[in-house]
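S.K.: structure of the sequence below:
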Amino acid sequence: MPSSSQSSDNVFSLFSGAGGFSYGFAQAGLKPICGAEIDKDACATYEKNVGSACHQVDLSSIDSDFFLKTAGELAPFVVIGGPPCQGFSTAGTREVSDPRNKLIFNYLQIVEELNPRWFIFENVEGLLTSGNGAAIAFLVKEFLRIGYTVRVQKVNLAAFGVPQTRKRVLMIGNRLGVDFEFPEESRSYASGKSRKHSQKPFAPTLDQALAGLGHAATSRDQRVAYSSSEPLNHFDASMRCGNEAGVLSEHCQSVDEKDASVYSLLGPGQTMKDLPEDFWHESFKRRAFRRVQDGTPTEKRGGAPSGIKRLNGSLQSLTITGAATREFIHPHQNRPLTIRECARIQTFPDAYKFVGNSASVIQQIGNAVPPLAAFVFAEHLKKLDGHFGSGLAAPKQNTHARLLGYFLTEANAMSEALQKTDVLLSRIQNIQLEIEEL
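M.R.: A predicted model of the protein is given here:
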């Protein structure tokens, strides 16, 4: 383990994917010295855009000293990463015993070995209720055990300027004893059921995010010109930055006349269930009626099916996933979104080059931490840490590792599942208070 008294400003990226988390940190002047990712295509995408090595490794079985050789005797500034989340997804069964969930504890082990000043852990909101709250409670206790003061919060990344409502769980910790808060939210947002209206301006709408992209090509090997020589809004300008070629890759969709006619029946916000049943595809029918047909228990059915859905251009987008180029219909055109449109909604700039076939690339995009959100958190950590010339007074210090707080939902009332998580996390805080009073 690197010495806690000797620290560097190095950043290590774990479960790096296509590099969204790392690219945002790099834009804040904190380019990771290396990434680690099991997927070959994602590794290549990472190296092409982030500009540092990405090791193609299985982090569930890697040698304990793999990263120590790179870190040397100096503890890093921060470890960042979002372990694969399929086992916790709200579309799955969210079993704490799912073998895919073990990767979150591999993340913890690597943090313990590298001993960074800070870490940021990102995952899907399903983590909060996995195992009736046991998974997140155990993870918190383990980070406390190895000396980290932590805060857990469910966030909607639209609140930080991302043009989609994307709910994620973030855990941030430090071994400095710093009493800290998450960065202040800067935007209001609205997309379907996810909405938060405040005095803050709204995050870019879907129409604003897609502005300037021009008409989609019909084949992947075609490059597309922008619809205007000059950016149409601030977000468009930020996405064009660095795209010296002035043309777009991955901006294509091929739709037959029959499918286009079906899409034309959908109004903004409407889904397949709003269509006559004659237009429902077979997999949608199976999901829509499986409660009646096979008696599948509620907890095993996953999320409610919606099939295709027409997005609303005047709102923020729904969450981009690996299915977005099949299921999300353009707000004004009778076709699904293109890969480049999904990349923009995820705040990848137009110059970002993706490696792999179309299925691989959209999965990389759907799994990523939006670079814009990563940038916000990178800048915040720089200020909190105090080693980057922020000029801020030293934050309040605590003697013992603590769970500073947690935020589980924006809703006025908690679900029964979240109530169980709340009990477990509250118990951790109460035990801490009792120890400190001794």
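
S.K.: what average pLDDT does stretch 29-38 get?
M.R.: Mean pLDDT, stretch 29-38: 96.

S.K.: outside of that stretch, which residues touch it?
M.R.: 9-17, 19, 22, 25-26, 43, 46, 50-59, 62, 67, 70, 77-78, 80, 378, 382 (CB atoms under 8 Å, 6 or more residues apart in numbering). Quick note: C-beta positions are derived from backbone N, CA and C, even for glycine.

S.K.: for the stretch 201-350 of the chain, give me the ranges with low pLDDT.
M.R.: 287-306 (pLDDT under 70).

S.K.: which stretches in it count as strands?
M.R.: Ranges of strands in the stretch 201-350 of the chain, per DSSP state E, counting those that start in this stretch, are 224-225, 247-248, 309-310, 328-329.

S.K.: out of those strands, which comes closest to residue 107?
M.R.: strand 328-329 (30.1 Å; CB to CB).

S.K.: contact partners of that closest one?
M.R.: 263, 266, 308-311, 317-318, 320, 335-337, 342.

S.K.: report pLDDT for residue 8.
M.R.: 86.

S.K.: surely it touches residue 75?
M.R.: Yes: assessed by CB atoms under 8 Å, residue 8 is found in contact with residue 75 at 7.0 Å.

S.K.: the two: which has the busier surroundings?
M.R.: Taking other CB atoms under 10 Å, residue 8 and residue 75 do not tie; residue 75 has more neighbours (20 against 16).

S.K.: I'd guessed that one sits against residue 9; true?
M.R.: No: applying CB under 8 Å as the test, residue 75 and residue 9 come out as separate, 10.6 Å apart.

S.K.: so of the contacts of stretch 29-38, which ones are in strands?
M.R.: 11-14, 53-56, 78, 80 (DSSP state E).

S.K.: and those residues, which is closest to residue 253?
M.R.: Relative to residue 253, and with distances defined as CB to CB, the nearest of the ones in strands among the contacts of stretch 29-38 is residue 54, at 29.4 Å.

S.K.: show me the contacts for the closest residue to residue 72 other than its chain neighbours.
M.R.: Counting by CB to CB, 6 or more residues apart in numbering, residue 72 lies nearest to residue 2, which is 7.1 Å off, once chain neighbours are set aside. Counting by CB under 8 Å, 6+ apart, residue 2 touches 68, 71-76, 114-115.

S.K.: ok, now which ones touch residue 210?
M.R.: 313, 341, 344-345.

S.K.: state the distance from it to residue 432.
M.R.: 47 Å (CB to CB, to the nearest Å).

S.K.: for the residue nearest to the spatial centre of the chain, pull up the helix or strand it's in.
M.R.: Most central in the chain under CA atoms, centre = their mean is residue 369, positioned 3.5 Å from the mean C-alpha point. Using DSSP states H and E, residue 369 maps to neither a helix nor a strand.

S.K.: neighbours around the residue nearest to it when sequence neighbours are not counted, how many?
M.R.: Nearest residue to residue 369, sequence neighbours excluded (CB to CB, 6+ apart): residue 21, at 4.0 Å. Using other CB under 10 Å, residue 21 has 31 neighbouring residues.

S.K.: swap in residue 154?
M.R.: With other CB under 10 Å as criterion, residue 154 counts 18.

S.K.: report the secondary structure state of it.
M.R.: At residue 154 the chain is in strand, as set by DSSP: H, G, I helix; E, B strand; the rest coil.

S.K.: in contact with it, which residues?
M.R.: Counting by CB under 8 Å, 6+ apart, residue 154 has contacts 125, 128, 167-170, 407-410.

S.K.: at 10 Å instead, please
M.R.: Neighbour list for residue 154: 124-125, 127-128, 167-170, 406-410, 418 [criterion: CB atoms under 10 Å, 6 or more residues apart in numbering].

S.K.: same question for residue 235.
M.R.: 161, 163, 203-205, 208-212, 344, 347, 372.

S.K.: and which of those is nearest residue 255?
M.R.: Nearest to residue 255 among the contacts of residue 235, with distances taken as CB to CB, is residue 210, at 16.9 Å.

S.K.: quick one: the closest one from residue 366, how far?
M.R.: On the measure of CB to CB, residue 210 and residue 366 end up 17 Å apart.

S.K.: so what are the domain limits for the protein?
M.R.: In the domain annotation for the chain, the residue ranges read 3-188+371-437, 206-367 (automatic domain parsing).

S.K.: of all those domains, which one is nearest residue 199?
M.R.: domain 3-188+371-437 (8.1 Å).

S.K.: narrow the contacts of residue 235 to those in helices?
M.R.: 208-210, 344, 372 (DSSP state H).

S.K.: which two from the residues you listed end up farthest apart in space?
M.R.: Maximum distance among these (CB to CB): 15.5 Å, for 210 and 372.

S.K.: need the worst-confidence member of the contacts of residue 154.
M.R.: residue 410 (88).

S.K.: so who does that residue touch?
M.R.: 154-156, 159, 167, 194-196.

S.K.: cool, residue 351 as well?
M.R.: 49, 239-245, 248-249 are the contacts of residue 351 under CB under 10 Å, 6+ apart.

S.K.: which of the residues you listed count as buried?
M.R.: 49, 239-240, 248-249 (16 or more other CB atoms under 10 Å).

S.K.: can you put the residues you listed in TSV and add distance to residue 143?
M.R.: Shown next, in TSV, are the buried ones among the contacts of residue 351 (distance: CB to CB, whole Å):
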residue	distance to residue 143
49	30
239	36
240	40
248	42
249	40
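
S.K.: how many other residues sit next to residue 38?
M.R.: 17.

S.K.: next up, phi/psi of it, please.
M.R.: Main-chain torsions, residue 38, degrees, to the nearest 10: phi -80, psi -30.

S.K.: do you know how far it is from residue 320?
M.R.: Counting by CB to CB, the gap from residue 38 to residue 320 is 21 Å.

S.K.: now the strands of the stretch 201-350 of the chain as a markdown table including distance to residue 280?
M.R.: Formatted as a markdown table, the strands of the stretch 201-350 of the chain follow (distance: least, CB to CB, whole Å):
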| stretch | distance to residue 280 |
| --- | --- |
| strand 224-225 | 33 |
| strand 247-248 | 34 |
| strand 309-310 | 13 |
| strand 328-329 | 15 |
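
S.K.: out of those strands, which one sits most buried?
M.R.: A comparison of these by mean neighbour count, using mean count of other CB atoms under 10 Å, puts strand 328-329 on top with a mean of 24.
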